[in-house]
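Visitor: Predicted model and sequence follow; I will ask about them next.
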Amino acid sequence: MGLERYTRHLSLPNFGKTGPLRLKQATALVVGVGGLGSVSSLHLSRVGVGTIGLMHDDLVSRDNLHRQILYTTDDLGESKLARVVETLKHHNPEVNFITYPHRLTGENALTIIRNYDLVIDGTENVQARQVINQASVKLDKPYLHGAVNLYDGEVSVLYTSQGPCWRCLYPHRSGHGLEKTAEQLPVLNTLPAVVAALQATEAIKLLPGGRQAPDRASAALQCASYSL
């Protein structure tokens, strides 16, 4: 593994030359590669996370293009998953990408998430977040939650053995017809990139090789809200 790519990280406190080597052994799952997941996966691949799982089952549409920065007009009608993997490989061919061209469900969540150090939420609906939360709680995996709407965004680091879970924070979000679909949600185009960058930053701090690893106790609960 060549370290030249990561030169600007090598002098960071508590990172050093061993940081990239440990991150090479790390694994992260990104559920959804739209406005949030496409950006967080880009940052994870650039920092050299060794294995990144990517999950999505949708195609690129024209209304995606104002905020989902890894896609272009030439990608319309193409699989988001295929396009994002091709793009990320150009940014860092040293990363191993594992693709899941389907949705995360209660039936497959435990089997998939158990293989990763943490999971990043790039979804846009309550039902998916409930599935991620339930599996993360059972497996004691850090869950990096992110959400955007209008001019506002939120990021939460949820690690159940050290603090509350997503359901603890939002006990009244049922996911039964109360939330608009992703196509209906208005959002400023810059906001997903801001929130996703923060998700990726917190993920890197938690992964082996990151600033806070191997001590994850500081991940008990970190919540932040942003309004532009």
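Guide: On my side now, so go ahead. Note that the structure is a prediction, hence the values are computed from the model and not measured.

Visitor: Output the contacting helices and strands for the longest helix anywhere in the chain.
Guide: Ordering each helix of the chain by length in residues (DSSP state H) puts helix 191-206 first. Contacts defined by 3 or more C-beta pairs under 8 Å, 6 or more residues apart in numbering; DSSP states H and E place helix 191-206 against helix 37-47, strand 118-121, strand 143-149, strand 152-158, strand 221-227. (Each C-beta comes from the backbone N, C-alpha and C, glycine too.)

Visitor: just these: most buried one?
Guide: Stretch with highest mean neighbour count among these: strand 118-121 (a mean of 27; mean count of other C-beta atoms under 10 Å).

Visitor: Centre of the chain to that one, how far?
Guide: The gap between where strand 118-121 is centred and where its chain is centred comes out at 5 Å by C-alpha atoms, centre = their mean, to the nearest Å.

Visitor: Note down every partner strand of that strand and its orientation.
Guide: Partners of strand 118-121 in the sheet, by DSSP bridges, are strand 27-31 (parallel), strand 143-149 (parallel).

Visitor: And the next helix or strand past that strand?
Guide: Moving toward the C-terminus from strand 118-121, the next helix or strand (DSSP states H and E) is helix 126-139.

Visitor: tell me the angle that next one makes with strand 27-31.
Guide: 160 degrees (axes from the mean of the first three to the mean of the last three C-alpha atoms, to 10 degrees).

Visitor: got a list of what the residue most central in space within the chain touches?
Guide: When C-alpha atoms, centre = their mean is applied to the chain, the residue found nearest the centroid is Ile120 (3.0 Å). Contact analysis of Ile120 by C-beta atoms under 8 Å, 6 or more residues apart in numbering lists 28-31, 36-37, 40-41, 44, 144, 146, 199-200, 203.
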